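Q: how would this look folded up:
(one chain, ligands or ions: 1)
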Amino acid sequence: MDETHIDRALALAARGLGAVEPNPMVGAVVAAADGRVVGEGWHRRFGDMHAEVNAFAEAGERARGGTLFVSLEPCCHFGKTPPCTTAVIASGVRRVVVAMLDPFPQVAGGGVAILREAGIEVVVGIREAEAKALNAPFLKRIATGMPWVHLKWAMSLDGKIATRTGDSQWISGVESRAVVHELRGRMDAILVGRGTVVADNPLLTARPAGPRMATRIIISKSGELPAACQLRTTAREIPTLIFTENAAILRDWKDDGCEIIEMPMSLEAILRELGRRGMTNVLVEGGAGLLGSFLDAGIGDEVHAFIAPMLIGGLGAPSPIQGAGIANLANARQLVRMQTRSCGPDTYIQARFEKRS
Ligand SMILES: NC(=O)c1ccc[n+]([C@@H]2O[C@H](COP(=O)([O-])OP(=O)(O)OC[C@H]3O[C@@H](n4cnc5c(N)ncnc54)[C@H](OP(=O)(O)O)[C@@H]3O)[C@@H](O)[C@H]2O)c1
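A: Purely as a prediction, here's the structure:
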């Protein structure tokens with residue numbers, strides 16, 4: 001039964017995807033003393049009530065003597081809301097089942113300790129792997145200070161992202177593009193290289209809008225960006241950031257509302273800056289040069305590949321990932337947790353990078 005209720009808590013937690021970050025997603029189920037579910041809740045939006053409090057609000061007095069199932073250790077500090085441990089103790093539950101401890105420094109086992117001190121039986125670690133997978137981006141940012149990096153591309157069945165003349169719109173179909181807009185709508189940032197700005201003049205917004213508005217980021221060592229492009233003309237309405245080694249030639253962009261950060265180009269330093277700004281998920285939308293430099297730097301957490309049923313051919317037609325690449329297959333980055341589904345005529349593959357030991 002513990003597993004069943006925690007599975008439900010994890011499913012509830014996932015409803016907060018895109019709306020709760022930089023907080024973790026959390027779900028909670030309250031079962032009465034006789035085992036009946038009497039309350040459910042999840043953290044719906046950053047700054048709103050936590051999952052446990054929402055579940056207790058539904059359960060009311062029926063929680064007394066029962067069990068709380070929660071996908072993450074209850075917090076024990078005053079943040080945007082009071083500590084959840086206070087609400088758990090006040091609810092009168094006798095038992096708490098937690099999928100995983102919260103590594104957030106102000107919690108980190110403290111929540112469980114307070115509950116045990118109050119005489120509540122606490123079980124930790126039910127469906128821990130699933131809970132960690134659900135909140136992997138949050139966990140990465142807490143552990144490394146850097147956001148979770150999603151790499152995305154659309155390609156033909158023969159592995160091309162454009163023709164030899166650079167024609168690339170559109171390789172994927174409308175259904176795939178709708179999925180990309182959903183992805184964009186839950187990101188903190190969308191990154192592209194200078195080449196993509198020149199070739200595609202993208203807007204990089206989520207249409208329709210999602211739960212959050214991503215900052216659009218251009219990576220360009222040279223700073224040689226086209227004078228007229230959509231990212232620049234919309235920079236006053238939608239945050240736009242350029243990382244470059246040559247800010248001097250981008251003064252006009254700054255006047256138009258773009259933020260320019262001049263620094264030696266290092267993807268890790270860029271990601272640290274994004275993590276410092278509280279960003280949890282960033283989407284790298286190409287092109288091949290930028291994706292290649294991510295792979296060469298060993299940076300990337302998740303892949304979103306859309307494969308269209310068409311053939312392009314041509315040695316000069318680019319493949320999704322350039323850069324230097326690897327010399328030996330033994331060094332290839334392996335992908336795990338691969339999920340494949342149809343998106344209209346296309347195939348959508350979502351997978352995570354295997355963690356390096
Ligand atoms: N099908 C798809 O999913 C898809 C998606 C996006 C783009 N595309 C296609 O891809 C093509 C563009 O790809 P591309 O490879 O030419 O361009 P790109 O990757 O968008 O941009 C390459 C440029 O980005 C900058 N850059 C990349 N990595 C960097 C790093 N580590 N540090 C500093 N700067 C870095 C450099 O700019 P500087 O030269 O200024 O240093 C570099 O020249 C277009 O044909 C576009 O249509 C296809």
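
Q: can you tell me the closest non-neighbouring residue to Pro74?
A: Computed as C-beta to C-beta, 6 or more residues apart in numbering, the closest residue to Pro74 that is not its neighbour in sequence is Cys84, at 3.9 Å. (C-beta placed from N, C-alpha, C; glycine too.)

Q: so for the one you found, what's the pLDDT?
A: In this model, Cys84 is scored at 87, pLDDT.

Q: do you know how far it is from the ligand?
A: 42 Å (C-beta to the nearest ligand atom, to the nearest Å).

Q: quick check: closest non-adjacent residue to Ala118.
A: Leaving aside its sequence neighbours, Ala118 sits nearest to Ile89 (C-beta to C-beta, 6+ apart; 4.8 Å).

Q: wait, isn't the one you found in contact with Val122?
A: No. At 11.8 Å, Ile89 does not count as touching Val122 under the criterion of C-beta atoms under 8 Å.

Q: from what I can see Pro309 touches Met155, true?
A: No. Counting by C-beta under 8 Å, Pro309 stays clear of Met155, with 11.3 Å between them.

Q: quick one: the helices in the stretch 1-150 of the chain?
A: 2-13, 51-59, 84-91, 110-117, 128-134, 136-144 (DSSP state H, counting those that start in this stretch).

Q: tell me which parts of this structure are close to the ligand?
A: Residues of the chain lying close to the ligand by C-beta under 6 Å from any ligand atom are 153-154, 161-162, 166, 168, 171, 192-196, 199-200, 219-222, 224, 265, 267, 285-290, 293, 318, 322.

Q: now do the closest residue to Ala248 other than its chain neighbours against Ile242, distance only.
A: Distances taken as C-beta to C-beta, 6+ apart put Gly223 closest to Ala248, at 7.7 Å, once the chain neighbours are dropped. Gly223 is 7 Å from Ile242, where distance means C-beta to C-beta, to the nearest Å.

Q: please enumerate the shared neighbours of those two.
A: Leu250 (C-beta atoms under 8 Å, 6 or more residues apart in numbering).

Q: between the two, which is the more surrounded one?
A: Ile242 (26 against 19; other C-beta atoms under 10 Å).

Q: what kind of secondary structure is that one in?
A: Three-state assignment for Ile242 (DSSP: H, G, I helix; E, B strand; the rest coil): strand.

Q: list the contacts for Tyr316?
A: In this structure residue 316 is Gly, not Tyr. Arg164.

Q: looking at this, it is in a strand?
A: No. Under three-state DSSP, Gly316 sits outside any strand and is assigned coil.

Q: now it: how far from the ligand?
A: According to C-beta to the nearest ligand atom, Gly316 stands 11 Å off from the ligand.

Q: how about that residue, phi and psi?
A: Here is the backbone geometry of Gly316 (degrees, to the nearest 10): phi -80, psi -10.

Q: next: Leu250.
A: Phi and psi for Leu250, reported as degrees, to the nearest 10, are phi -110, psi 20.

Q: neighbours of it, just the number please.
A: There are 21 residues near Leu250, going by other C-beta under 10 Å.

Q: and Thr81, by the same measure?
A: By other C-beta under 10 Å, 14 other residues sit near Thr81.

Q: tell me the pLDDT at it?
A: With respect to pLDDT, Thr81 has a value of 75.

Q: ok, Val197 next?
A: We have a pLDDT of 96 for Val197.

Q: which helix or strand contains it?
A: helix 194-200 (DSSP states H and E).

Q: same for the next helix or strand after that helix, what does it pack against?
A: With elements assigned by DSSP H and E, the helix or strand that comes after helix 194-200 is strand 215-219. With contacts taken as 3 or more C-beta pairs under 8 Å, 6 or more residues apart in numbering; DSSP states H and E, strand 215-219 sits against strand 189-193, helix 194-200, strand 240-244.

Q: between those, which gets the lowest average pLDDT?
A: Here the lowest mean pLDDT among the helices and strands packed on strand 215-219 goes to helix 194-200, at a mean of 94.

Q: buried stuff in that helix?
A: Arg194, Gly195, Thr196, Val197, Ala199, Asp200 (16 or more other C-beta atoms under 10 Å).

Q: residues touching Asp188, list them.
A: Glu21, Pro147, Arg212, Ala214, Thr215, Leu274, Arg277, Gly278, Met279, Thr280, Asn281, Val282.

Q: do the same with Val336
A: Ala351, Arg352, Phe353, Glu354.

Q: mind listing what the residue nearest to Pro74 touches?
A: Here Cys84 is in contact with His50, Glu52, Val53, Pro74, Cys75, Cys76, Gly111 (criterion: C-beta under 8 Å, 6+ apart).

Q: list just the nearest of these to Thr340.
A: Closest approach to Thr340 among the contacts of Cys84 (C-beta to C-beta): His50, at 34.8 Å.

Q: picking up where we left off before, could the helices of the stretch 1-150 of the chain be laid out in JSON lines, adding distance to Ala228?
A: Supplementary listing: those in JSON lines, determined by distance: least, C-beta to C-beta, whole Å:
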{"stretch": "helix 2-13", "distance to Ala228": "44"}
{"stretch": "helix 51-59", "distance to Ala228": "47"}
{"stretch": "helix 84-91", "distance to Ala228": "51"}
{"stretch": "helix 110-117", "distance to Ala228": "53"}
{"stretch": "helix 128-134", "distance to Ala228": "43"}
{"stretch": "helix 136-144", "distance to Ala228": "35"}
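
Q: how about the strands of the stretch 251-357 of the chain, start to end?
A: For the stretch 251-357 of the chain, applying DSSP state E, counting those that start in this stretch gives strands covering 259-262, 281-284, 302-308, 335-343, 346-353.

Q: nothing else from me, thank you.
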